[in-house]
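Student: Any chance you could fold what I've pasted below:
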Amino acid sequence: MEQLTNTILANFNLFILILIRVTGIFVAAPVFARNNFPMLLKVGLSATISFILLPTLGEGYMLEINGFLQLGYYSMMEFLIGLLIGFISFTYFTVIYVAGTIIDVQMGFSMVNVFDPQTNTQVPIMGNFYNNIISLLFIVMNGHHLLIRALVGSYRLLPVGFTFTIGDNVVVQMTMIFSEIFILAVKFSAPVLITVILVDILLGVLARTMPQMNVFVVGMPLKIVVGMVMILITLPFVIPFSEILFNRMFESVFDILKILSKG
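Tutor: Model prediction:
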């Protein structure tokens, strides 16, 4: 314990800056940013990761900090870098919410929402269902390890004390990320979307051939049943889709970091 204390005190400024960047990630990162994730566990995990990184980043550490204001400025930069990594990671999880909204509208669940403790908002019921599955796969497939790897890689591109500016390239890259999120959401919801559209076409044909049939009464339960059956059929494909989602997530994180490193 004494050796641990001496190591931290000898590199106190560096330890604080590392801790702030790690904390920034856990503020916005998927799974870890949940409000029901214990705060004490977040703090302990951040401190542990910071202490593990301290000896590696301490080699060749040349940043000089003169005064509290300069430390505060560097702390803000470190927090923004960590927050950006966590935000981009969380942004790709919104693919599930967008896809869930599309599915809910087509199945007739658009008025049914559930409370999400992570964002403190109402989310679509199917989006919440898929989000729980993707969050579980994120842990099972060691997505949290990749998140830590992205953190370590960020120090190679944006070392401690790096001052960055957000230029046009960052805005363009973020626009591409949001466009990709919408495309992935449509691809994810496509099986249910196409199936329900075919059901609507069938109901339209039946309405023309049998005017006495109440299409609305028959159509709503039919679309729900068909949608649920299609969800069960496509459920095994969530795993390969999650692999693609996680890979694109961390590729986008490094793309943004590379752009920031070039100034």
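Student: Pull out the buried residues from the helix or strand containing V43.
Tutor: Assigned by DSSP states H and E, V43 belongs to helix 39-58. Using 16 or more other Cβ atoms under 10 Å as the test for burial, helix 39-58 gives 42, 45-47, 49-50, 53-54, 57. Placement of C-beta: from N, CA and C, glycine included.
Student: Report the separation between L157 and I134.
Tutor: 27 Å (Cβ to Cβ, to the nearest Å).
Student: The two: which is more packed in?
Tutor: When L157 and I134 are compared for neighbours, I134 comes out ahead with 22 against 17, by other Cβ atoms under 10 Å.
Student: mind listing what that one touches?
Tutor: 93, 96, 238, 242, 245 (Cβ atoms under 8 Å, 6 or more residues apart in numbering).
Student: Quick check: the farthest pair among those residues?
Tutor: F93 and V238 (13.4 Å; Cβ to Cβ).
Student: The two - which one has more neighbours?
Tutor: F93 (21 against 17).
Student: quick check, the more buried one in a helix?
Tutor: Yes: under DSSP: H, G, I helix; E, B strand; the rest coil, F93 falls within a helix.
Student: got the residue ranges for the helices in this structure?
Tutor: Using DSSP state H, the helices of the chain run over residues 2-10, 12-28, 39-58, 68-107, 125-140, 143-157, 168-209, 215-234, 238-261.
Student: low-confidence ranges in the chain?
Tutor: 1-10, 58-63, 110-121, 263 (pLDDT under 70).
Student: residues contacting the residue nearest the centre of it?
Tutor: The centre of the chain sits closest to F90, judged by Cα atoms, centre = their mean, with a distance of 1.9 Å. Contacts of F90 were listed using Cβ under 8 Å, 6+ apart, and they are 28-30, 33.
Student: ok, which pair from these is furthest apart?
Tutor: Among these, A28 and P30 lie farthest apart (Cβ to Cβ), at 8.5 Å.
Student: what do these two both touch?
Tutor: Joint contacts of A28 and P30 (Cβ under 8 Å, 6+ apart) are 89-90.
Student: out of those two, which sits in the busier spot?
Tutor: Per other Cβ under 10 Å, whichever of A28 and P30 has more neighbours is P30, with 23 against 18.
Student: what residues does the helix holding V43 touch?
Tutor: So helix 39-58 is contacted by 4, 7-8, 11, 14-15, 18-19, 22-23, 26, 32, 148, 151-152, 155, 160 (Cβ under 8 Å, 6+ apart).
Student: what comes up buried for stretch 204-223?
Tutor: 207, 215, 219, 222-223.
Student: how close does the residue nearest to L84 when sequence neighbours are not counted sit to L245?
Tutor: Distances taken as Cβ to Cβ, 6 or more residues apart in numbering place I256 nearest to L84, at 6.6 Å, with adjacent residues excluded. Distance of I256 to L245, given as Cβ to Cβ: 17 Å.
Student: Make sure I96 is actually in contact with L137.
Tutor: No: between I96 and L137 no contact is recorded; they are 10.9 Å apart, counting by Cβ atoms under 8 Å.
Student: and the two? which has more neighbours close in?
Tutor: I96 (29 against 17).
Student: can you tell me how far the more buried one sits from L203?
Tutor: As judged by Cβ to Cβ, I96 and L203 stand 28 Å apart.
Student: try V225
Tutor: 13 Å.
Student: ok, now K258?
Tutor: As judged by Cβ to Cβ, K258 and L203 stand 51 Å apart.
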